[in-house]
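Asker: after the sequence you'll find the predicted model.
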Amino acid sequence: MNALLAWGLVLGEWGLPRMGISGAAVATVAAQMVAMILYAATFARAGGFSDAVARRLDWVEFRHFLSLAMPMGLRISGELAAWTLFLVVVGRLGTVQLAASSIAFRINGMAFFPALGLGQAAGILVGHARGAGGDDEIPAIASQSLVVCEIWMLAMATLFATAPVPLMSIFAGYGPESTRIVETGSLIMKFVAFYCIFDAANVMIGCVLASAGDTRWLARTFLVSSSLFLALLWLVDMIIPSLMAEWALATIFVFATAVIWLFRFRSGAWRNVQVLRRSEVGK
């Protein structure tokens, strides 16, 4: 729905008004609204709204939920902010660099979002294992899921590294700067291909740790690491502004985050996080 509405509202096809970038926004919001309605309908069909006891707000449960959920929400918001600021800094180099970087991020979504889906599936298995008291099952879940995700990411990294020009050409358009955008984007896609290999661990282990309840540590650690990344990015922009230097720093940031997540998981500290309240354990 998002794609079809965007096509119609951005370009003015099929009798719809030509709204440009505003049309893309309308299409996205409309698609999200439909998704929300479908989720609510599915939940209602399963009896999600019929239990009066379950509908009643339990402040103890609500506070416990927020203690786990808010750090994760802040971490996701922080990640979006960090990469948005990265594009802002890249945009200071010029419109070609900004356009090429933005397109590279969109192409990277071909690899990232399926990997995120794999991470969420692994997180469900981890949540079930923790709830059943099977913490010893979680390392196997994590390792097997990581292998599957790594295979996917390696395939996409190969595509990005070997066919950057055709991929960039799809989105670069036919304007006077399209050739420069494709050339610049082809170089950027090499960085994207390289960090995809590490992003598998970044996504998968991050989802496993979050589902194990280690959300506070994830939020604190990401806040520190992303702040350091942005500080170094600002220094690079001030001293030696260079697209290659800034993308190299972004690649190092992805690699470092993946390594930190892996060390945290292997330490087993997540086992000490209490997800269920004591009164619920053993039910």
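Answerer: Cool, the structure landed. Just so it is clear, the structure is predicted and the values come from calculations on it, not from any experiment. Numbers count the residues shown, from 1 in each chain.

Asker: ok, then the element right after the least confident helix or strand in the chain by mean pLDDT?
Answerer: With mean pLDDT, DSSP states H and E as the measure, the helix or strand of the chain carrying the lowest mean pLDDT is helix 52-55 (a mean of 76). Next along the chain after helix 52-55, taking DSSP states H and E as the criterion, comes helix 59-91.

Asker: show me what that following helix is packed against.
Answerer: If contacts are counted by 3 or more Cβ pairs under 8 Å, 6 or more residues apart in numbering; DSSP states H and E, helix 59-91 sits against helix 95-131, helix 215-239, helix 243-267. (Each C-beta comes from the backbone N, C-alpha and C, glycine too.)

Asker: quick one: low-confidence parts of the stretch 1-150 of the chain?
Answerer: Residues of the stretch 1-150 of the chain meeting the criterion pLDDT under 70: none.

Asker: mind redoing it with 80?
Answerer: For the stretch 1-150 of the chain, residues meeting the criterion pLDDT under 80 lie at 48, 51-55.

Asker: sticking with the closest residue to Ala121 other than its chain neighbours, tell me its helix or strand.
Answerer: Among residues not flanking Ala121 along the chain, Ser145 sits closest, at 7.5 Å (Cβ to Cβ, 6 or more residues apart in numbering). Taking DSSP H and E as the definition, one finds Ser145 inside helix 138-162.

Asker: neighbouring contacts of that helix?
Answerer: Residues outside helix 138-162 that contact it (Cβ atoms under 8 Å, 6 or more residues apart in numbering): 107-108, 110-111, 114-115, 118-119, 121-122, 125-126, 129-130, 167, 189-190, 192-194, 196-197, 199-201, 203-205, 208, 212, 265.

Asker: selection in PyMOL covering whichever of these are buried, please.
Answerer: Per 16 or more other Cβ atoms under 10 Å, the buried members of the contacts of helix 138-162 correspond to this PyMOL selection:
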select buried, resi 107+108+111+115+118+119+122+125+126+129+130+167+189+190+192+193+194+196+197+199+200+201+203+204+205+208+212+265
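
Asker: thought Ile260 was touching Thr221?
Answerer: Yes - checked against Cβ atoms under 8 Å, the pair Ile260 and Thr221 is within contact range at 6.2 Å.

Asker: only alpha carbons, please: show stretch 69-80 as PDB.
Answerer: Coordinates of each C-alpha in stretch 69-80 appear next as PDB, following Å, rounded to 0.1, in the frame of the first residue of the first chain:
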ATOM      1  CA  ALA A  69      10.700  -1.400  27.500                       C
ATOM      2  CA  MET A  70      11.800   2.200  28.000                       C
ATOM      3  CA  PRO A  71      15.500   1.600  27.800                       C
ATOM      4  CA  MET A  72      15.000  -0.300  24.600                       C
ATOM      5  CA  GLY A  73      12.800   2.400  23.200                       C
ATOM      6  CA  LEU A  74      15.500   5.000  24.100                       C
ATOM      7  CA  ARG A  75      18.200   2.900  22.500                       C
ATOM      8  CA  ILE A  76      16.200   2.600  19.200                       C
ATOM      9  CA  SER A  77      15.500   6.400  19.300                       C
ATOM     10  CA  GLY A  78      19.200   7.000  20.000                       C
ATOM     11  CA  GLU A  79      20.200   4.800  17.100                       C
ATOM     12  CA  LEU A  80      17.900   6.600  14.700                       C
END
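
Asker: report the distance from it to the chain centre.
Answerer: Counting by Cα atoms, centre = their mean, to the nearest Å, stretch 69-80 is centred 11 Å from the centre of its parent chain.

Asker: in that stretch, what's buried?
Answerer: 71-72, 74-75, 78.

Asker: dump those residues to a markdown table, plus distance to Met153.
Answerer: Output for those, formatted as a markdown table (distance: Cβ to Cβ, whole Å):
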| residue | distance to Met153 |
| --- | --- |
| Pro71 | 26 |
| Met72 | 23 |
| Leu74 | 26 |
| Arg75 | 21 |
| Gly78 | 23 |
